[in-house]
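> coordinates only, sequence not included:
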Ligand code: MN
């Protein structure tokens, strides 16, 4: 049987070469439909969603001794079954969708129940988020922010090249793409005033990130090898780490971000599996000084994954691209972040979400936040119709897209979109 990543595979379901969801992708999500409102798990294929709960109940996918794993409102029970089951299931779904397999293709009654138009379904948060940790692992991003706030000579803090810097965020406010994001409130104290006030954030920003979905737990007290850490990664989503720059600036000393990041984090609805991204692995940047032994990696742990960000202000006819970059630039890989996370003895849980940190690249058009794009508000970005932005305003819609480009197909993530609503 051909590997599910084989570029020559075709499905009986027609898929446009520009689609994010060819048969080589098969990302998992949680959906419902108007006439069948119970949430269940599906896989995206072209413009359709394949209902895995139907296929499991009909015996076409057998996960014995586990059962009803797909008639669930989160991916956590499926993820708990572990990497060999993830691989086996993906291979079986690929087999069922192949153009030369009549099992599903020629069963009209089953197809009408199991293959639904994606345009007609509602997507939900794909997994129960157990914990959310956000990192700060793009050297270009950390340098840009450092230059703005501390000057060129002290841009990177002394610890930055020795470990992936991170903070513990809030799992409770992780939301799925399409959810409106209310402008946060907080304490504000611009440098030119003496006392803080409380009110709506005036410097609301996005952060372009990838999210890692942890599919296997680790034990409290245990460290992880590179091989163990990699095997725990179920897949990836697009992530927007909404940030209130003015709240952050006043509150972050000395413990780091708190309320500035706690009000919302948006993720894309489809979890692209680590296995689907396998053909797009690349080595990351050279790490100098050499990391401590517990952080060293032998494998190519970065991904050649293209990213773009578009912004649509109220009144604009179409969204406008404000950033184009690539996940491959990240200095610390997701595997290194996970090895570092567990290194103290911290237990990792199924459903943990790790934000990569803002992904910027070496070029100006590769900056992954408005803070960098507008250089702290001094160079507003010019949009259509004379509209300018330093930070996000109410009604602005921000969308991130991502994909790995193969030969004649792409492994895409769809998008994560959020529109800013006025502070309540
Ligand atoms: Mn972030």
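Yep, it's here. From a predicted model like this one, the values you see are computed outputs, not experimental measurements.
> CA only for contacts and neighbour counts going forward, please
OK.
> Now do the helices in the stretch 251-400 of the chain.
259-262, 274-277, 334-343, 370-373 (DSSP state H, counting those that start in this stretch).
> Using the record's domain definitions, break this protein down for me.
Residue ranges for each domain of the chain read 28-124, 132-421, as given by automatic domain parsing.
> burial measure for the residue nearest to residue 202 when sequence neighbours are not counted, as a count.
Counting by C-alpha to C-alpha, 6 or more residues apart in numbering, residue 202 lies nearest to residue 246, which is 6.8 Å off, once chain neighbours are set aside. The local packing of residue 246 (other C-alpha atoms under 10 Å) involves 21 other residues.
> Kindly reformat the helices of the stretch 251-400 of the chain as TSV containing mean neighbour count.
Shown next, in TSV, are those (neighbours: other C-alpha atoms under 10 Å):
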stretch	mean neighbour count
helix 259-262	21
helix 274-277	19
helix 334-343	23
helix 370-373	23
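> re the thing from before, tell me the most buried of the domains of the chain?
Mean neighbours per residue, mean count of other C-alpha atoms under 10 Å, is largest over the domains of the chain for domain 132-421, with a mean of 19.
> Contacts only, for residue 288.
For residue 288, the contacting residues are residue 161, by C-alpha atoms under 8 Å, 6 or more residues apart in numbering.
> Quick check: which element contains residue 109?
helix 108-114 (DSSP states H and E).
> where's the closest residue to residue 402 other than its chain neighbours relative to residue 171, distance?
Leaving aside its sequence neighbours, residue 402 sits nearest to residue 307 (C-alpha to C-alpha, 6+ apart; 4.4 Å). Using C-alpha to C-alpha, to the nearest Å, we find residue 307 at a distance of 24 Å from residue 171.
> low-scoring stretches of the stretch 301-424 of the chain, by residue?
Nowhere does the stretch 301-424 of the chain drop to pLDDT under 70.
> got the residue ranges for the strands in it?
In the stretch 301-424 of the chain, the strands defined using DSSP state E, counting those that start in this stretch lie at 302-303, 306-312, 320-326, 353-355, 381-382, 388-389, 397-405, 410-421.
> still on that earlier bit, gap between the residue nearest to residue 402 and residue 359?
Distance from residue 307 to residue 359, by C-alpha to C-alpha: 9 Å.
> ditto for residue 260
19 Å.
> which one is residue 407 nearest to, not counting chain neighbours?
residue 7 (7.6 Å).
> Surely that neighbour is in contact with residue 22?
No - the pair residue 7 / residue 22 is not scored as a contact, 9.7 Å apart, by C-alpha atoms under 8 Å.
> Give me the more crowded residue out of those two.
residue 22 (26 against 17).
> on that earlier part again, quick check: which of the helices of the stretch 251-400 of the chain is nearest to residue 312?
helix 370-373 (13.6 Å; C-alpha to C-alpha).
> ok, and what's touching that closest one?
Taking C-alpha under 8 Å, 6+ apart as the rule, helix 370-373 contacts 141, 144-145, 205-207, 245, 364-365, 367, 376-377, 379-381, 390-391.
> change it to 7 Å
144, 205, 206, 367, 377, 381, 390, 391 (C-alpha atoms under 7 Å, 6 or more residues apart in numbering).
> out of those residues, which one sits closest to residue 415?
Comparing every one of the contacts of helix 370-373 with residue 415 (C-alpha to C-alpha), the shortest separation belongs to residue 206, at 14.2 Å.
> Tell me if residue 37 really is in a strand.
Yes - under DSSP: H, G, I helix; E, B strand; the rest coil, residue 37 falls within a strand.
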